[in-house]
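I would like the atomic coordinates for the input below:
(chains A, B, C and D)
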Number of protein chains: 2
Amino acid sequence: MTGRKPRARTAAAGAGASPGVGPRTEQNGAPVGDSSLSDVAQRAGVSTATVSRALRGLPTVSEQTRARIVAIADELGYVVSPSASRLASGRTHTVGVIVPYIDRWFFGQVISGLERELRTQGYDLLLYNLGGDVGRDRFFAEMPLRRRVDAVLVLSLPLTDGEVERLRALRVPVGLVGASVEPFSCVRIDDVAGASTAVRHLVNLGHRDIALISGGADAPMHFTTPLDRRRGYLEVLAEAGIEYDPELEAAGDFTMAGGERAMSQLLGRSRQPTAAFALSDEMAFGAMRALRKSGLRVPDDVSIVGFDDHDMADLLDLTTVTQPVVEQGTAVARLLLDRLAAGRYAEVSQEVVSLPTRLVVRGSTRPRSAP
Amino acid sequence: MTGRKPRARTAAAGAGASPGVGPRTEQNGAPVGDSSLSDVAQRAGVSTATVSRALRGLPTVSEQTRARIVAIADELGYVVSPSASRLASGRTHTVGVIVPYIDRWFFGQVISGLERELRTQGYDLLLYNLGGDVGRDRFFAEMPLRRRVDAVLVLSLPLTDGEVERLRALRVPVGLVGASVEPFSCVRIDDVAGASTAVRHLVNLGHRDIALISGGADAPMHFTTPLDRRRGYLEVLAEAGIEYDPELEAAGDFTMAGGERAMSQLLGRSRQPTAAFALSDEMAFGAMRALRKSGLRVPDDVSIVGFDDHDMADLLDLTTVTQPVVEQGTAVARLLLDRLAAGRYAEVSQEVVSLPTRLVVRGSTRPRSAP
DNA sequence: ATGAAAGCGCTAACAA
DNA sequence: TTGTTAGCGCTTTCAT
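Numbering: from 1, shown residues only, chains lettered A, B, ... in the order given. Below you'll find the model as predicted:
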């Protein structure tokens, strides 16, 4: 044994040794929370193992002992050191959440749902905002969540095969929102049905020249949302005996600016629509603006239906398909938590949860005026 | 020494020992990344300490050795274990971000700014969404980020004295956005100046009966935003020789619904405004809707100015005060990172960064019609 | 129901 | 420039 000085307890809090034997507290009495398991054990006259068990609620501790330990831990302001606990147990109690754009309405909503769910189960939420293709590529190349999460949640990302492999390589449960890829569990809505309802609404109002403001052609295979919504559109056309006309379709990129562009394009073509279905509300907003700029009125000249029930849809009086957004976050979190609680990681048994949608009729749609 | 079996490397990945001596890889060749420092050390024929130094870029390693070590680590798909590193070093390389409502436009923007900044510096972002008073109280009572972050970022929270104390007790750097409390550093905009510009714009257009849609009366002391913006309003009135009239003020709670309510109240009073300044765009949106419902037109009957330059302001043609939102996130992150890089935690020297605002004139304001 | 002790995988003092 | 060796603060066998 050398006579070497032991290291200070924490690098940052080198303020000095605590005087006396009482719990170290701030001036106002709030516990500083940097005492250790062994401090508690010493005070309670038991081993650290027992304290650990007691505090984690394991059944092999007598109620009496537990009560005493809890009281002392409380008094000392003891909080378990996550790093130590993680290192020893191999579990991080952390979920990585990967989101394409944190600053878009949809993702804020979903995250608020899943955050609450994770938090109440004692899980930390590590946020990764990709914010575009560059960030996305770097993320999947580096995989910064290796060794730091027990599970991963991926929101609305059309995953490539390579990305799927990278995620699988993490060997932790993965949950998806808005995309379905084996073998990951996922939560989604029935996009086909939702879109059908929207378009059927227009058909029922007498419209035959119904434009489609779709996504981009560039969305990779695994991203089913735009494809499914488009399919709903096509199905209803077929069922109503209306022939699909590519003249009536334009891509809007799922942004407001894109929707505006798409509608402008449509207005510049030979066949004029009396109604339009936008695959998202934000595109619908853009389309409405394009119409206004062209001197056309909604719904007098053109009816518009969106999809999502964005916060602003109500304000802008947009008829749309509402979906439970926050609930998708809640649901996917629950899926993951169940799996984590169930114990060891199993890649098998993909679970798929599908949530309902509903048409909300507002003022942006009306019967087609007599031709 | 007992003949006890050593524990499996990780609790979750008990898949089995790797056959052969090559790096353990998935079928597709992606490294699984669960080798340890000593694996690398062994392969490189050096001590773990040297590997640790080499990989962290410490200057006390010869370039030659470092290159060899890096190559081997790469080949093995080695990634440092955060828990072990944290436990040993006392540094978590994690920043806790506390946000009142993740699902509001402003916070999504700010987070996207600061996330990028933190990420590029190798810091993890632990997200805490309070989501209302209940969550807030629970958060400050439990302080779930004790022992798990190197720094904390608090967005737009009017902190009570108690909350400030709890944060100080963490003994880590704290950064604020949109509120200024000693001794925390903060980033903000000049709300007084921004509001002044907005109201002055209305005055210059000839308006004298300018309503104010303010926040709630319930906002605690430390939250200066609504107070400052209101002050800007009052200052310009005074400077224009217009007397402040409580009849022309209503609280809108910083929500769309609140703004609608406020405008309805105003319209029900005896003195009718020809213009209104809303302390936020979302309230302005609500106000516009209330006007529309009352058969009044914007800007023909009433001019409206907002504050924030929300995504939708452009679409709704709202004159407003624009502020750099993403940049506030970037700036506050940088403040914190600088402090962290500077070494030991120092409570002293509060830094305050103030970002500029600018009036954006759109179609919701026009000269007062002849009386 | 409890205790003893061996790690978990690193970092940092100290020595060489 | 590199190696040796204590820890960091827990969890988890295994023994009692």
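
do the helix-or-strand element of chain A with minimal mean pLDDT and chain B meet?
Every helix and strand in chain A was compared by mean pLDDT, DSSP states H and E; the lowest is helix A:311-315, with a mean of 91. Yes: using Cβ under 8 Å from any Cβ of the partner chain, we find that helix A:311-315 touches chain B at A:311-312, A:315. (C-beta placed from N, C-alpha, C; glycine too.)

Okay, buried residues for that helix please.
For helix A:311-315, the neighbour count (16 or more other Cβ atoms under 10 Å in any protein chain shown) marks A:311-313, A:315 as buried.

Looking at the residues you listed, which one is closest to B:Gly363?
B:Gly363 lies nearest to A:Leu315 out of the buried residues of helix A:311-315, by Cβ to Cβ, at 16.4 Å.

so the closest one touches B:Ala287, yeah?
No: using Cβ atoms under 8 Å, A:Leu315 is not in contact with B:Ala287; the gap is 10.9 Å.

can you tell me if the strand or helix carrying A:Ala73 touches DNA strand C.
Here A:Ala73 sits within helix A:63-76, counting by DSSP states H and E. Yes: residues of helix A:63-76 contacting DNA strand C under Cβ under 7 Å from any atom of the strand: A:64-65.

So what's the gap between that helix and the chain middle?
38 Å (Cα atoms, centre = their mean, to the nearest Å).

Report the buried residues of it.
In helix A:63-76, counting by 16+ other Cβ under 10 Å, buried: A:65-66, A:68-70, A:72-73, A:76.

Make a markdown table out of those residues and add distance to B:Arg86 and pLDDT.
Listed next are the buried residues of helix A:63-76 as a markdown table, based on distance: Cβ to Cβ, whole Å; pLDDT from 0 to 100:
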| residue | distance to B:Arg86 | pLDDT |
| --- | --- | --- |
| A:Thr65 | 30 | 95 |
| A:Arg66 | 28 | 96 |
| A:Arg68 | 30 | 96 |
| A:Ile69 | 25 | 97 |
| A:Val70 | 26 | 96 |
| A:Ile72 | 26 | 96 |
| A:Ala73 | 22 | 96 |
| A:Leu76 | 22 | 95 |
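
how about these in TSV, adding distance to B:Leu248?
Output for the buried residues of helix A:63-76, formatted as TSV (distance: Cβ to Cβ, whole Å):
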residue	distance to B:Leu248
A:Thr65	66
A:Arg66	62
A:Arg68	63
A:Ile69	61
A:Val70	57
A:Ile72	60
A:Ala73	56
A:Leu76	56
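
what's near enough to touch the residue nearest to A:Pro299 when sequence neighbours are not counted?
The shortest distance from A:Pro299 to any non-neighbouring residue, by Cβ to Cβ, 6 or more residues apart in numbering or on different chains, is to A:Arg366 (4.2 Å). A:Arg366 makes contacts with A:205, A:299-300, A:303, as judged by Cβ atoms under 8 Å, 6 or more residues apart in numbering or on different chains.

before we move on, what about A:Leu167?
A:Leu167 neighbours (Cβ under 8 Å, 6+ apart): A:152, A:154, A:159, A:174, A:184.

From these, which land in strands?
Counting by DSSP state E, these place A:152, A:154, A:174 in strands.

what residues does the stretch 1-150 of chain A put near DNA strand C?
So the stretch 1-150 of chain A meets DNA strand C at A:4-5, A:7, A:11, A:45-50, A:53, A:59-62, A:64-65, A:84, A:87-88 (Cβ under 7 Å from any atom of the strand).

give me the low-pLDDT residue ranges for the stretch 1-150 of chain A?
In the predicted model, the stretch 1-150 of chain A carries pLDDT under 70 at residues A:1-33.

change it to 50
A:1-31 (pLDDT under 50).

is it true that A:Trp105 touches A:His310?
Yes: with contact defined as Cβ under 8 Å, A:Trp105 reaches A:His310; the gap is 5.6 Å.

shared neighbours, the two?
A:Glu282.

coming back round to it: what's the distance between the residue nearest to A:Pro299 and B:Gly329?
43 Å (Cβ to Cβ, to the nearest Å).

roughly how far is stretch A:316-335 from the heart of the chain?
10 Å.

Span of that stretch from start to end?
The first and last residues of stretch A:316-335 sit 35 Å apart, counting by Cα to Cα, to the nearest Å.

Now do that stretch, average pLDDT.
For stretch A:316-335, mean pLDDT is 97.

quick one: buried residues of that stretch?
A:316-335.

and those residues, which of them are in strands?
Per DSSP E, the buried residues of stretch A:316-335 map to strands at A:320-322.

ok, the residues you listed vs DNA strand C, which is closest?
A:Thr322 (47.6 Å; Cβ to the nearest atom of the strand).

Centre of the chain to stretch A:134-150, how far?
Worked out by Cα atoms, centre = their mean, stretch A:134-150 lies 17 Å from the chain centre.

actually stretch A:143-155, sorry about that
14 Å.
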